[in-house]
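1. Let me see the structure of the following:
(2 chains)
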Amino acid sequence: MNGVTPSEETYTGNEISHFILDEIRKDLGPGGPMEGRKVHTRFPPEPNGFLHIGHAKAIVIDFGTAEILGGLCNLRMDDTNPVKEDERFVRAIKEDIHWLGYDWEDRFYHASDFFEDMYLYAEELIGKDLAFVCEQTPAEVREYRGSLTSPGKESPWRTRPREESLDLFRRMRAGEFPDGRYTLRAKIDMASGNMNMRDPVIYRIQHETHHQTGDAWCIYPMYDFAHPIEDAMEGVTHSLCSLEFEDHRPLFDWVVSNLSLPSRPRQIEFARLDINYTVMSKRKLKALVDEKLVDGWDDPRLPTLSGLRRRGYTPRAIRDFCERNGVSKVNSMVDIRFLEHCLREDLNDRAPRAMAVLDPVRLTITNYPEDREEAFTVENLPGQPDHGTHDITFSRHLLIEREDFMEDPPAKYHRLYPGNHVRLRGAYIIRCTGCVKDEEGRITEVLAEYDPETRGGSAREGQKVRGTIHWLDEKTALPATVRLFDHLFTVEAPDSDERDYHELLNPDSITVIEDAFVEPWLKEDPSYIGYQFMRLGYFIHDSQETTEDRLVFNRSVKLKDSYKPE
RNA sequence: UGGGGUGUAGCCAAGCGGUAAGGCACGGGACUUUGACUCCCGCAUUCGCAGGUUCAAAUCCUGCCAUCCCAGCCA
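-> Numbering: from 1, shown residues only, chains lettered A, B, ... in the order given. Here you go, the predicted model:
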């Protein structure tokens, strides 16, 4: 079913090109600063939540770059803040990346693997008089930092002798002080226009148990200090990250050039992926989960990778989507319909076809004997016999979609209405003769006559049948639950809407149909990429709800539909 | 009154001094045992705006405008 199956995807080697690849090629090429080296990247998530499709873009860029240029890409948990991180997220992250089809081989790291190195590098900085132990309170630090438009003031501790700083720093590590008592700060420039350069804190005291290092440490490095060191220790040549780190680059470079690191990584930034009608911030996704507004991190309406997987998205579709969106530095919002297009494109070629009826009404073939029944063999993938066949049964009483019959249809309606010929896909061509209604006028049964000459659904010589509809044999149809989804939010950009996101939730984001029917074949032959229910869309067994005696399907995406009632 | 980015169609996005790729969406048509798929056709005289340089500018220069990010002991 749609659990995590090892990805069968193999990179096909499209000639992808974008500015990051160009820059890297220059760096590694003749005359470049890293001439002769092989590219080495890393994907560095913080294990404090589940991965979403925005991360998929970063993964495709990080791992994809290594793949394209014949280098390596590491996976690294950026776990420098013990209060926010958890081992449970580490497992989910690894699972999602593997599912996407990428592998880090034996290069799985934690930032915490380098805590000892970082500590030593911090001492190096103190020794060079480039860092000092500060005892300002958070409020004082804020006050002294100045504002965006005015310079900051130097901390009174800035001139503390290096020997004293070193002693204090060692005692910080030894656990002699409570949280917040001291910090280690880089000595850069309190008047810099770049706030990140105003003597940033690089170590803080936190008496917290870390999910990897336990209680070995009570001081933890800050991102800006830790990240370049992690990259250098792993031999990363290019540290690719998103745009909001652009003004951290001077600090990244400062760290890299003031320390005796084993290598000098280069940071390059790209724009994050954003998609309309959904949210991409970890904070909001977490809130949706915590407030039970959705059914967990893998709710099929969520843009999380686990949600998309449960929804029926394929790794191939997601990677294709990320690659085709390109890489640039423009903040952009991609239309969700493009993602849907990529899924349809993938599934169209390989998802077996089946029939299902979501809103059933009985269709009686009045000239087909009550006691007769027959079977038709249909191809799983029309036109591609190597994908196999399966049988469908036919009898006097069938089930069709209620909307496929109209007593008084508008022009260009090609389905059932009195007098019209329609093909029952794979079976026969029938002529509608009328319908039966109950006292309230509701249609309870559609009536038609079949043409025995059209067995298999082929028309008579010269006969043109405009409409083909799907159907099920009432006798063999299997009851099933089908869940249909719509956008989780009613507005295109919920993240930047001034209203509270609770007000923007789409009350109809999920529709559960308990009385749908499907072909019995679907119980015997669960396709892990799901099915196309003809004329309805692509569906997949729900990995959580499907049980031995109850089939539950999620609609991954609708089919395109150019029918416009006039 | 600071620093760093970015502006090419409804949405992404190529383009890097020689006269606006491609995809999505949209509209029209053909085909069709899925109103799907596939296939045709259409869709920016113009690149945020205004000047300038040049035989020639989306590409170079100047100015302006718009928009995003930054004042965590988060990442």
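2. Contact residues of the stretch 1-150 of chain A facing RNA strand B?
-> Within the stretch 1-150 of chain A, the positions adjacent to RNA strand B are A:17-19, A:44, A:46, A:78, A:80-81, A:84, A:136-138, A:141-142, A:145, A:147-150 by Cβ under 7 Å from any atom of the strand. Quick note: C-beta positions are derived from backbone N, CA and C, even for glycine.
3. of all of the stretch 51-200 of chain A, which residue lies closest to RNA strand B?
-> residue A:193 (2.5 Å; Cβ to the nearest atom of the strand).
4. Need the pLDDT of that residue.
-> On the pLDDT scale, residue A:193 is placed at 96.
5. Likewise for residue A:13?
-> 40.
6. Kindly supply the ChimeraX command isolating those of the residues of the stretch 1-150 of chain A next to RNA strand B that are buried.
-> To isolate the buried ones among those in ChimeraX, judged by 16 or more other Cβ atoms under 10 Å, type:
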select /A:44,46,78,80,81,136,141,145
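7. circling back: helix or strand: which one has the residue of the stretch 51-200 of chain A closest to RNA strand B?
-> Using DSSP states H and E, residue A:193 sits in no helix or strand.
8. need the contact list for it.
-> Contacts for residue A:193 (Cβ atoms under 8 Å, 6 or more residues apart in numbering) come out as none.
9. can you count the residues close to the nearest residue to residue A:470 once chain neighbours are set aside?
-> Among residues not flanking residue A:470 along the chain, residue A:355 sits closest, at 4.3 Å (Cβ to Cβ, 6 or more residues apart in numbering). Residue A:355: 28 surrounding residues under other Cβ atoms under 10 Å.
10. Kindly report the same for residue A:48.
-> 16.
11. What of the one 10 residues further on?
-> Residues lying near residue A:58 (other Cβ under 10 Å) number 21.
12. Tell me the secondary structure at it.
-> helix (DSSP: H, G, I helix; E, B strand; the rest coil).
13. wait, it sits on residue A:43?
-> Yes: assessed by Cβ atoms under 8 Å, residue A:58 is found in contact with residue A:43 at 6.3 Å.
14. Do me a favour and average the pLDDT over the helix or strand containing residue A:361.
-> Assigned by DSSP H and E, residue A:361 belongs to strand A:360-365. Strand A:360-365 carries an average pLDDT of 98.
15. Show residues contacting it.
-> Against strand A:360-365 from outside (Cβ under 8 Å, 6+ apart): A:396-402, A:405, A:416, A:428, A:430, A:443-450, A:471-472, A:474, A:515-517.
16. Let's see that with 7 Å instead.
-> A:396-400, A:402, A:405, A:430, A:443-450, A:471, A:474, A:517 (Cβ atoms under 7 Å, 6 or more residues apart in numbering).
17. Could you do stretch A:498-508 as well?
-> Stretch A:498-508 has contacts (Cβ under 7 Å, 6+ apart) with A:279, A:284, A:293, A:486, A:487, A:488, A:489, A:490, A:491, A:494, A:497.
18. ok, 10 Å please
-> Applying Cβ atoms under 10 Å, 6 or more residues apart in numbering, the external contacts of stretch A:498-508 come out as A:277, A:279, A:281, A:284, A:287-288, A:291, A:293-294, A:301, A:484-491, A:493-495, A:497.
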